[in-house]
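[1] Need a 3D model of the following:
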Amino acid sequence: MKQENNHETKKEKVVDILARTGISALIVAILFFVISFLYIPSISYSIYTIASFSGLSGVDSSLNANDLLITEKRDFTESQGDIIVFDLKGYGDSNGMMAYRCFAVREDHETGLVYCLVGSTDSSISYPWKVTEDMYRGTVTVRISGMGAITGFFANPLSLIFWVVAGASVAGIIIIVKHKPKEISKGDVKESKK
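    Sure thing, here's the model as predicted:
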């Protein structure tokens, strides 16, 4: 009987370990997919064929700075009329990740370089930037209002302070909950009354 009980206990321990490992692996997989989708466009494009962008330094007038933009890669030469996300480089203070409408796709006849002239939807004037294919990150297909503020916050290096405080708080709560208070016997209570 004792051996049978011991065998069942070992079985239960193995099942418990496998269940914990499975749940942990599932959590890690979910975190990987969420983080890659929200913060690592190159991985996101290869897994999902779409990516997300937020916290942009400049956005079209039809968008809000706090929007989460879902994009997909399309043929850059057919971007005219679309809102595209691009990483502007070589323009000094104007550099950064932006989303504006592509007014026209042009080709520089001397260099053969294909580029987009971009501007804001409610304006007919384009910015003096030549957005090339190597700057192009994707074409906006979906806009989720307000979510960019949350994802942009967590992408900010200063949010590390938030994560440290949140982690310390959770660890403190776990320690407090798991700590068992010392049981007081009736004899201890009578002695403390004297």
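[2] from here on, contacts and neighbour counts on C-alpha atoms
    Fine.
[3] now Val85: how far from Ile27?
    31 Å (Cα to Cα, to the nearest Å).
[4] Ile40 too?
    18 Å.
[5] Pick out whichever of these two has more residues nearby.
    Ile40 (15 against 11; other Cα atoms under 10 Å).
[6] Please go through this structure and pick out the longest strand.
    strand 96-107 (DSSP state E).
[7] buried set for it?
    For strand 96-107, the neighbour count (16 or more other Cα atoms under 10 Å) marks 97-106 as buried.
[8] and Phe76, what are its phi and psi?
    phi -60, psi -40 (degrees, to the nearest 10).
[9] same question, Asp67
    Note on Asp67: backbone dihedrals following degrees, to the nearest 10 are phi -80, psi 150.
[10] Where does the residue most central in space within the chain fall, secondary structure wise?
    The centroid of the chain falls nearest to Leu38 when counting by Cα atoms, centre = their mean (2.8 Å). Per DSSP states H and E, Leu38 falls inside helix 2-39.
[11] so how far is that helix from its chain's centroid?
    Per Cα atoms, centre = their mean, to the nearest Å, the displacement of helix 2-39 from the mean C-alpha position of its chain is 25 Å.
[12] Could I get the buried residue list for it?
    35-39.
[13] Which SSE is immediately downstream of that helix?
    In N-to-C order, the element after helix 2-39 by DSSP H and E is helix 41-48.
[14] domain ranges for the protein?
    Using automatic domain parsing, the domain parsing of the chain gives 1-39, 45-147.
[15] need the buried residues of helix 2-39 in TSV with distance to Ile50 and pLDDT, can you?
    Listed next are the buried residues of helix 2-39 as TSV, based on distance: Cα to Cα, whole Å; pLDDT from 0 to 100:
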residue	distance to Ile50	pLDDT
Ile35	13	84
Ser36	11	85
Phe37	8	84
Leu38	10	82
Tyr39	12	83
